[in-house]
Each structure stands twice: as structure tokens, then as C-alpha cells.
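1. build me a model:
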Amino acid sequence: MTNKIVAVQGNHPSTLNPLTDTSVFLANEIQNKYKIFYYDPKDLSIINKKVLAKGFFIKFNYQNKKFYKIIKEQTLNLEKCKFILIRQDPPFNLEYISTTYILDFIKNKVKIINNPTSIRNVSEKFYSSRFLRFMPPTIFTNSINDIHKHYKKYKKIVLKPLDGYAGKNIIFLTNKFSKSKVSLFLKKYNYLMVQKYLEKVKFGDKRVFIINGKVKGAIRRIPKTGSNLSNISQGGTAFKTNLNKKEFKISSLIGKSLLKNKIYFAGIDLIDGYLIGDINVTSPTGLPQFKDLTGKNLAKDFWNGLGLK
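-> So this is what the prediction gives:
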């Protein structure tokens, strides 16, 4: 009999905001039926052919000032879990990749969300190259000449590191092309996603939630005054929204593709009806904001899709 344990691989709860964090939101929904075991990815090991995690059992309570209580510290054999949620924040670096290889060891014994092999295969920005027809003019390159040509053609461009996340380390070239700036950026990040700048970014983006291959809803995120970044972590504000036919079609096609690649939960970002290249599969966010705005709890959809009702 499988133990009623859900393990969460993620950043320590003390670093999280319970009002906006999706990991806490998902765990809180299921904790009356399953024990929650939390561990840092750095504390994951293979020892004597067992995948072990040093962490703690935990209870969440939104009513308390300290929203979590550590019940018991323990080194747990993760085969005892019913589910494991991979929820640590990017960057998708060697440390992150190493944890997916470790979890591969038990992926046929424990349901892991998202599948660790699939997380490696579905590179969040590179994967969007399958959907270039739905994107603003976009290239993937480490050539400063290619980037300069893209700038000359479109006058305004955006440069994004392929392992970037949460709106961090993005360069907007909207006034002039700085060869020295781009060279330093390339030296630091190597390959880049380079896109035509979309003027309507000032009106925000739409974060679309994909669960089990289906479009479940979206929020609009508006950047703070003077910013091009809509991410909540960058000061953006969430608003209620709907998807038009074009946006729903794009999201549905991507959802089906992700499901074929064993990605259960994802978030995709759209601006003015264009996919902007971010297909978030490592640690999608935004579910608490969606509930606050619509009253719909997608954590229920998340767990129901896994057979837990």
C-alpha cells in the first residue's frame, strides 16, 4: 500500500509568500488527505540504490502569522510517496538538471509532477521554437551579427537568456544598438532568444494555466509604471481576464503538445495574442491570484486530474 505522502521539492517555506505562492497553495489543498513532506533539492541523494531526501513534514495554516509549522524532520525514502511535486524556482542550471536525473531513478514507482525527464526535454524557451508561427519574429542565436540584423529589421528588440525566469536578466534595445552591451550579455549567457519588441507589452501579458493538457483559465498581469515586465515578482499586478479565440487556440495546441511530452502542469505567457516564448514547466505560478480574482480553485483541478477528489 502506497503511503499517503506528497513530497514537495522546493525553496524553503520561509522564503515564500503564502498569499502568492503556488507551491503552498497546492500543498494546502491536499494536506487534510495526505501528509506533506518538504525538502530542498540540495538535500536529495541516491544512497544504497534508494532516493533519499532530508527534509521535514509540514503543516500549512493561512490564518497564522507564521503560515507553516514543521512537524518532524526526517530523511525520507521518496519511494514511500504517492506524489512528488518538483517546485523549486529556476534557473534551470546543472543543479536543477541533476535533481531530475536523481528523480528519474524512481519515476516509474512514484508519480512525479512534472515528469523529470520531460522537464529536461521541454526547455522552457527552446521548446517554443515549435510554435514560431504564433510568436513575434524570434531567433535563437549566439551571434552578435544575427542579433544586429534582427535589430536593424525591427528597430526594437528584446534579448532573453534561455535559462532566464521571472522577468530577470532581460535586455530591451529600443533606442540604439549597443554592441558592447550585447557582447557582454552573450559572453555571460551564450545562446539567447531574440524577439521583436511588442509595443503592447505596456498593457501587460496573459498567464495561461495548462493542467493535464487542458486550458483552465488565465490572468492578466499589468507591469508597474515605467516597466516592461509583467511578472508579479517584478511588481506586476494581476487582473481578471478571458482568452479570445486566437489565444485559446494557441494555448490549446501547446497544451496538447505538452501532454504528449508528459508535462502535466504548465503556464504559458501571451502578449497581444502572441506567444512570447515562455512555456513554464519547472515551477508555474499564479494559481492563488487566479482564485482571488475568479473564485475558482485550480488546485482542486490539479489534484482531481491526478485522481484525488
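
2. pull the CA atoms of the longest helix seen in the chain into CSV?
-> Counting residues, the longest helix in the chain under DSSP state H turns out to be helix 245-260. C-alpha atoms of helix 245-260 as CSV (Å, rounded to 0.1, in the frame of the first residue of the first chain):
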residue,chain,number,x,y,z
LYS,A,245,-10.5,32.6,-29.8
LYS,A,246,-6.9,33.1,-31.1
GLU,A,247,-5.4,32.9,-27.6
PHE,A,248,-7.4,29.9,-26.7
LYS,A,249,-6.4,28.1,-29.9
ILE,A,250,-2.7,28.7,-29.3
SER,A,251,-2.9,27.7,-25.7
SER,A,252,-4.9,24.5,-26.5
LEU,A,253,-2.4,23.4,-29.2
ILE,A,254,0.5,23.9,-26.8
GLY,A,255,-1.4,22.1,-24.0
LYS,A,256,-1.9,19.1,-26.2
SER,A,257,1.8,19.1,-27.2
LEU,A,258,2.9,19.3,-23.6
LEU,A,259,0.6,16.5,-22.5
LYS,A,260,2.2,14.2,-25.2
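
3. just the helices in this structure please.
-> 22-30, 94-104, 116-121, 144-154, 179-189, 245-260, 287-294, 298-304.

4. those helices: which one's closest to K69?
-> Proximity to K69 (CB to CB) singles out helix 22-30 among those, at 12.5 Å. (C-beta placed from N, C-alpha, C; glycine too.)

5. from the chain's centre, how far out does the closest one sit?
-> Averaging C-alpha positions (CA atoms, centre = their mean, to the nearest Å) puts helix 22-30 15 Å from its chain's average.

6. picking that back up, buried stuff in the longest helix of the chain?
-> By 16 or more other CB atoms under 10 Å, the buried positions in helix 245-260 come out as E247, I250, S251, S252, I254, G255, S257, L258, L259.

7. just to revisit the earlier point, looking at the helices of the chain, which is buried most?
-> helix 22-30 (a mean of 23; mean count of other CB atoms under 10 Å).

8. export it as CSV, just CAs?
-> The C-alpha coordinates for helix 22-30 follow below in CSV (Å, rounded to 0.1, in the frame of the first residue of the first chain):
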residue,chain,number,x,y,z
THR,A,22,1.6,28.3,-5.9
SER,A,23,3.6,25.5,-4.1
VAL,A,24,2.0,26.4,-0.8
PHE,A,25,-1.4,26.7,-2.5
LEU,A,26,-1.2,23.2,-4.0
ALA,A,27,0.1,21.6,-0.8
ASN,A,28,-2.5,23.3,1.4
GLU,A,29,-5.3,21.9,-0.8
ILE,A,30,-4.3,18.3,-0.2
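
9. how about residues contacting that helix?
-> Helix 22-30 has contacts (CB atoms under 8 Å, 6 or more residues apart in numbering) with 6, 8, 10-11, 13, 16, 18, 36, 38, 58, 60, 62, 67-68, 85, 87, 283-288, 291, 297, 299-300, 302-303, 308.

10. can you check stretch 253-263 too?
-> Contacts with stretch 253-263, where a contact means CB under 8 Å, 6+ apart, come from 114-115, 117-119, 121-122, 130-131, 210, 212-215, 266, 268, 275, 279, 281.
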